[in-house]
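K.L.:
can you look at this prediction? I've put the sequence above it.
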Amino acid sequence: MLLGYTITQWLFGILSFLSIMFGLMVVFSRNPVNSVLYLVLTFFCIAGHYLLLNAQFLAVVHIVVYAGAIMVLFLFVIMLMDLNHDNEPQKTWISKIIAGIAGGMLLCVLVGSLKGSEQLGISQYGSSQIGMVKNLGKVLFSEFLFPFEIASILLLAALVGSIMIGKKEIK
Amino acid sequence: MINGISINYYLLLSAVLFIIGAVGVMARRNSIIIFMCIELMLNAVNLLLVAFSTLHNDASGQVFVFFIMAVAAAEVAVGLAILSMIYRNVKTIDTDILSNLKN
Amino acid sequence: MQLTNRSKVVSNKVQTAMEQLYLPGILKGMLITGSHLFKRRATVKYPEETRPVAAVYRGWHVLKRDENGAERCTACGLCAVACPAEAITMESAERKKGEEGLYREEKYAKVYEINMLRCIFCGLCEEACPKEAIFLTDRLVDTEYEREDFVYGKSKLTEKVDKRIDVSKRQTLEVAEFKKLPGLKHNEMWDSKKIDKGHKH
Amino acid sequence: MLAFIIYKLIICVAVFGLSLAVAAYSTLWERKLSALLQDRVGPDRAGPFGLLQPLADGGKMFFKEEIIPNVSNKFLFILGPSLVMLTALMTGAVIPWAKDAYVGGKLYSMQITDINIGILYLFGVVSVGVYGIMIGGWASNNKYALLGSMRASSQMISYEIAMGIAVIALIITSGGTLSLREIVEQQDAGFANIVWQPLGFIIFFVCALAETNRAPFDLPECEAELVGGYHTEYSSMKLGLFLFAEYINMFISSAVMAAFYFGGYNFPFAQELYDAMGLADGSKWIAIIGFGAYFTKIFLFISVFMWIRWTLPRFRYDQLMNLGWRILLPLSLLNLAITVVVEFFRGHITF
C-alpha cells in the first residue's frame, strides 16, 4: 500500500498514463518512424494491462503479433518507401483544430454515455484462470471452433491477396 | 472491481485511447500513420473486451480479442500491400493528394 | 598441362533429390572440417619456436672482425659493385695512428650502409668480397616502423667484439675455392670494366 | 517476502552473469575452434591458453573511439544495440537450469521464473529483438546498414514461423504444456524428445541458426555485399553489444534446444546414478550434476554452431528465403501432421 493505493492500482495508473502519453506521441510526432516506435511502446503498455487483467496468454500473443509482426511490417514499409522525413506535408491548422474539436466531442459523448456504467452488474472476481492457455484453448476449440477456422481462411486469403497486390507486374 | 480497479477506469482509458486514434485519423495526412491510428483504436477496443471478460469471468471476450488480432494482422498485410502499390504508382501516400480521383 | 589429378570438371547438371536435400553434402563438408581437428597444427609459435633454416640461409649481413677484433673491411667497394639491387653504399677513410686495433688495414669504411628494403639477399656481396669481411647470416632482419630505419649502418652490421657470429658454414674451403674461379660473373666485371668507370650509386 | 526477493535477485544476477560469461568465453572458443578446424593454434597469448583473451577483447572494445554519425538520430542509435542486448539477456529468464534443490532447509527453484507460457515468452522476446536491429540499422543513416537490418528482420520473421510450427509439434508430444520446466521434467524417464521429433529438431536447429544470424545465415552482416550489415556505423562498445548479443543468443538457443529436444538437465540413467550415489530428491548434488549435464549439452550445441559456421558458405538472399518459406515451412507442417497422427496412435490425443 503506497499512499492508500495498492500496487495493482499504482501499476494501472502508471500504465494508463504511459499508454495515453505514447498514444498521443503516435499522433503528434512528425517522423513516421518515431510514430511506429511510440505505437510499439503503447502496445507494450496495453500488454501490461492485459497482464494486470490476468490475461497472460493474450498479453504475450499481443506482443508477438502486434509488436513482433504487424509493427515490423509498418517499419518495413516506411523504411522502404523512404518516408522517414520530418517535413511531410501537414494538414492545415483549421482542419487540425476541427479534428481536435470533433475528437473532444466524441470523448464527451463516450464519457457521458459510460457514466452510468457503475450500475452494471459487477461480480467480485478472485484470481481467475480464464486467461490461461488451457482454458482459453478449450473455449477456442469448442465453442468458437467455426470462427477459428474462418479466421484461418481469412488469414490465408490475406496472405495470397497481399502477395498478389504487392507483386510487381511481370510484363 | 478487477484487482481493486473499477471497470470505469478501463472504460475511460479505452475511450481516451480510442479518441486519440480517431483524432489521429482526422488530423494526419500520411496514410500509414492513419493506418496506425486505426490499430490504436482496435487496441482500445481489445483492452475493454479483456477487461470485461475478466470482470464477467467469461473467456469469450478474450477469444474475441484473439480474433480481432487475426483480423488486424490480415488487414495490415493487405492494407500495407495496397499502400505500397499506391506508392509505387503515384509516388505518394498523402491522403489529401490521393483524394483526387482524376489522376 | 595437367599438374595434379585433383581437378574436377564442372557441369550444370540438375541436382538429384538427394543432393537438393543438402544434408548429406553438409554432413560431408562438416566431416572434412571436423577431421582437421585431429591434424597437425601448421602454426610455429614464432618467438619461442623458429622454423629450422638451412645452414646457408641468407639473412641479415654481418661485417666480420678478425681474430684481434679489428674490422676486416677495407672499403674497396666490390660488394657495392656486385650488388644487383644497389643497396650498399660506403665511404672510406684512412686509418690514423693508434687505430690499428680497430681496423686491419690502412683504409677502412667510415660509413657502411645497406638498405634492407632494397637488398634481395642474393649473397653476391659475400662472393665479391676479397677480404672475407661481409657475410650473410641466418638472422632475420628486424621489423621497423620507419623506412629510414631499414638503412642499416655500421652499428647494426658490424659484429660485436664480445659477441662473435659464427659464419664458418660460409667460410668453408669450397667457398674460398669457388671465389677464386676466374669465370665468375662479378670477377669478370671487375676484370673487364674498371670500377671507376661510371658505376654510380 | 524479503528473503524471496533476495533469492530472486541472486538468481537473476547469476543467470545474467552466466550468460555474459558464457558469451565472453564463446568468443574465445569460437576463435579457438575455428583455428583448430583450420590447423592453426588460435589465440594463446593472453594468459594460459589465451584464457584472458575475452577480457583483452572487451578492454579493447571499451577503449575504442566512439563514433556517432552526425546526421543520425542519436537516441535511436544508442537504443538499437541496447535493445538487442536487453532482449538477448531476457530470454534466459524462463530456462530451467537445474532441478530444485534444498539450500539451508528450503527448496529453491533453479530458474528465474517458471511461467506457464514460457515458450510464448521466448517467442515474444525474440520478436521484440528484431526492433533493436531495425532501429540500429535505420538510425545509422547508411544504406548498407539499412539493407542489413531489413535482411536481418525479414530473415528473423520468416524463420520464426517454421520454428513456431516445429515447436507446436513438440508441445503436442509433451502433452500440451508451454512451460519449459514441465517439458524438461517429462523427459527424465523415457526418451528425450529428439526420439519423437527428429525432423522437428532439424527444423528448429536450422531456424535457430537463422534467428541468431549465425553462418550460413549470417547475411545481415555479410561483409562481401553489405560492408558490415546493420552494424556498419557502429564502433566501440556499441558494436561490442551487437556482437556480444549474438553470442548470448547462441547460448540461449543452445540451452533452449537442449531443453526442448535433449532433456535439459536430465541424462540417460540419471535416476540410477543418483540412487547409486545415495542422493535423495532435492539434494544439492543432483542439481549440480544436472547443471553439469545441461552445460555439456549446451557446450556441444555451441560447438556445432561454430563448426557449421567454419564449414559452410553463406546462402544467397533468395536461397535463404526459398529455404525458409518453401522448404522449412512445408516440412514443419508435415512434421506437425505426422506428430498428430503418431500421438493419436500413441493414445496421447483424443478427439
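P.N.:
Okay, I see it.

K.L.:
name the helix or strand of chain C that has the lowest mean pLDDT.
P.N.:
Ranked by mean pLDDT, DSSP states H and E, the helix or strand of chain C with the weakest confidence is helix C:185-192, at a mean of 48.

K.L.:
what about stretch C:114-125, start to end distance?
P.N.:
Using C-alpha to C-alpha, to the nearest Å, the end-to-end distance of stretch C:114-125 comes out at 11 Å.

K.L.:
buried residues in stretch D:242-259, which are they?
P.N.:
Residues of stretch D:242-259 classed as buried: D:242-259 (neighbour count, 16 or more other C-beta atoms under 10 Å in any protein chain shown). From N, CA and C alone the C-beta is placed, and that goes for glycine too.

K.L.:
right, is stretch D:344-351 up against chain A?
P.N.:
No - no part of stretch D:344-351 sits close enough to chain A to count as contact by C-beta under 8 Å from any C-beta of the partner chain; the gap is at least 10.7 Å.

K.L.:
returning to that earlier point: now narrow the buried residues of stretch D:242-259 to whatever sits close to chain A.
P.N.:
With C-beta under 8 Å from any C-beta as the criterion, no member of the buried residues of stretch D:242-259 is in contact with chain A.

K.L.:
report the central residue of the chain.
P.N.:
No chain specified, so I'll use chain A. Geometric centre of chain A, nearest residue: residue A:43, 5.4 Å, by C-alpha atoms, centre = their mean.

K.L.:
that's the wrong chain, I wanted chain D
P.N.:
Per C-alpha atoms, centre = their mean, the C-alpha nearest to the average position across chain D is that of residue D:253, at 2.1 Å.

K.L.:
got the contact list for that one?
P.N.:
By C-beta atoms under 8 Å, 6 or more residues apart in numbering or on different chains, the contact set of residue D:253 is D:208, D:211, D:212.

K.L.:
now the strands: where do they sit in chain C?
P.N.:
Along chain C, counting by DSSP state E, strands occupy C:61-63, C:88-94, C:107-115, C:134-136, C:151-152.

K.L.:
closest one to chain D among those strands?
P.N.:
Put simply, out of those the one that sits nearest chain D is strand C:151-152, at 29.2 Å, with distance taken as C-beta to the nearest C-beta.

K.L.:
neighbours of residue A:115, how many?
P.N.:
Burial of residue A:115 is recorded as 12 neighbouring residues (other C-beta atoms under 10 Å in any protein chain shown).

K.L.:
typo on my end, residue C:127
P.N.:
The number of residues packed around residue C:127, counting by other C-beta under 10 Å, is 18.

K.L.:
would you check that it makes contact with residue C:82?
P.N.:
Yes - applying C-beta atoms under 8 Å, one finds residue C:127 in contact with residue C:82, separated by 7.0 Å.

K.L.:
measure residue B:33 to residue A:92 for me?
P.N.:
As judged by C-beta to C-beta, to the nearest Å, residue B:33 and residue A:92 stand 17 Å apart.

K.L.:
tell me which of the two has more neighbours.
P.N.:
Regarding residue B:33 and residue A:92, a neighbour count based on other C-beta under 10 Å identifies residue B:33 as having more, with 26 against 9.

K.L.:
so who does that one touch?
P.N.:
A:26, A:27, A:32, A:35, B:24.

K.L.:
pLDDT score assigned to residue 8?
P.N.:
No chain specified, so I'll use chain A. Confidence at residue A:8, expressed as pLDDT, is 79.

K.L.:
not quite, I wanted chain C
P.N.:
Taken from the predicted model, the pLDDT recorded for residue C:8 is 80.

K.L.:
burial measure for it, as a count.
P.N.:
By the criterion of other C-beta under 10 Å, residue C:8 has 5 neighbours.

K.L.:
mind checking how far it is from residue D:71?
P.N.:
Distance of residue C:8 to residue D:71, given as C-beta to C-beta: 50 Å.

K.L.:
got it, and residue C:9?
P.N.:
With the distance defined as C-beta to C-beta, residue C:9 ends up 53 Å from residue D:71.

K.L.:
so those two - more neighbours on which side?
P.N.:
Under the neighbour definition other C-beta under 10 Å, residue C:9 and residue D:71 were set side by side, and residue D:71 has more, 8 against 4.

K.L.:
not counting sequence-adjacent ones, nearest residue to residue A:158?
P.N.:
In this structure, residue A:158 finds its nearest non-sequential neighbour in residue B:74, 3.4 Å apart by C-beta to C-beta, 6 or more residues apart in numbering or on different chains.

K.L.:
quick check: phi and psi on that neighbour?
P.N.:
Torsion angles at residue B:74 (phi, psi; degrees, to the nearest 10) stand at phi -60, psi -40.

K.L.:
show me how chain A divides into domains.
P.N.:
Chain A breaks down into these structural domains: A:1-86, A:128-171 (assignment by automatic domain parsing).

K.L.:
residue D:58: which of these is closest?
P.N.:
In this view, the domains of chain A are compared for proximity to residue D:58 by C-beta to C-beta, and domain A:1-86 is the closest at 29.9 Å.

K.L.:
how about the residues of chain A by chain D?
P.N.:
If contact is defined as C-beta under 8 Å from any C-beta, the residues of chain A in contact with chain D are A:33, A:37, A:40, A:56-57, A:60-61, A:63-64, A:67-69, A:72, A:75-76, A:79-80, A:84, A:132-134.

K.L.:
out of these, which are buried?
P.N.:
A:33, A:37, A:40, A:56-57, A:60-61, A:63-64, A:67-69, A:72, A:75-76, A:79, A:84, A:132-133.

K.L.:
which residues of chain A score low on pLDDT?
P.N.:
Segments of chain A classed as low confidence (criterion: pLDDT under 70) are A:1-2, A:83-89, A:116-128, A:169-171.

K.L.:
repeat that with 50
P.N.:
Residues of chain A meeting the criterion pLDDT under 50: A:121-123.

K.L.:
which residues in it form helices?
P.N.:
A:7-28, A:32-52, A:56-62, A:71-81, A:93-114, A:133-142, A:145-166 (DSSP state H).

K.L.:
okay, these, which one's buried deepest?
P.N.:
Comparing the helices of chain A by mean neighbour count (mean count of other C-beta atoms under 10 Å in any protein chain shown), helix A:56-62 comes out on top with a mean of 25.

K.L.:
which neighbouring elements make contact with that helix?
P.N.:
When contacts are defined as 3 or more C-beta pairs under 8 Å, 6 or more residues apart in numbering or on different chains; DSSP states H and E, helix A:56-62 packs onto helix A:32-52, helix A:133-142, helix B:60-90, helix D:118-139.

K.L.:
I'd like the ones you listed written out as TSV, with distance to residue C:164 added.
P.N.:
Below are the helices and strands packed on helix A:56-62 laid out as TSV (distance: least, C-beta to C-beta, whole Å):
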stretch	distance to residue C:164
helix A:32-52	74
helix A:133-142	86
helix B:60-90	82
helix D:118-139	63
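
K.L.:
show me what from chain C comes close to chain D.
P.N.:
Applying C-beta under 8 Å from any C-beta, one finds that chain C approaches chain D through C:23, C:26, C:29-30, C:32-34, C:36-37, C:39-43, C:45.

K.L.:
just the buried ones from the residues you listed?
P.N.:
Of the residues of chain C next to chain D, these count as buried by 16+ other C-beta under 10 Å: C:30, C:33.

K.L.:
what about the closest residue to residue B:23 other than its chain neighbours, distance to residue A:110?
P.N.:
By the measure of C-beta to C-beta, 6+ apart, the closest residue to residue B:23 outside its immediate chain neighbours is residue A:103, 3.7 Å from it. Shown here: residue A:103 relative to residue A:110, a distance of 10 Å by C-beta to C-beta.

K.L.:
any residues in contact with both of these two?
P.N.:
Shared between the contact lists of residue A:103 and residue A:110 (criterion: C-beta under 8 Å, 6+ apart) are residues residue B:19.

K.L.:
and residue A:52, what is it in contact with?
P.N.:
When contacts are counted by C-beta under 8 Å, 6+ apart, residue A:52 is found next to A:8, A:11, A:12, A:15, B:3, B:5.
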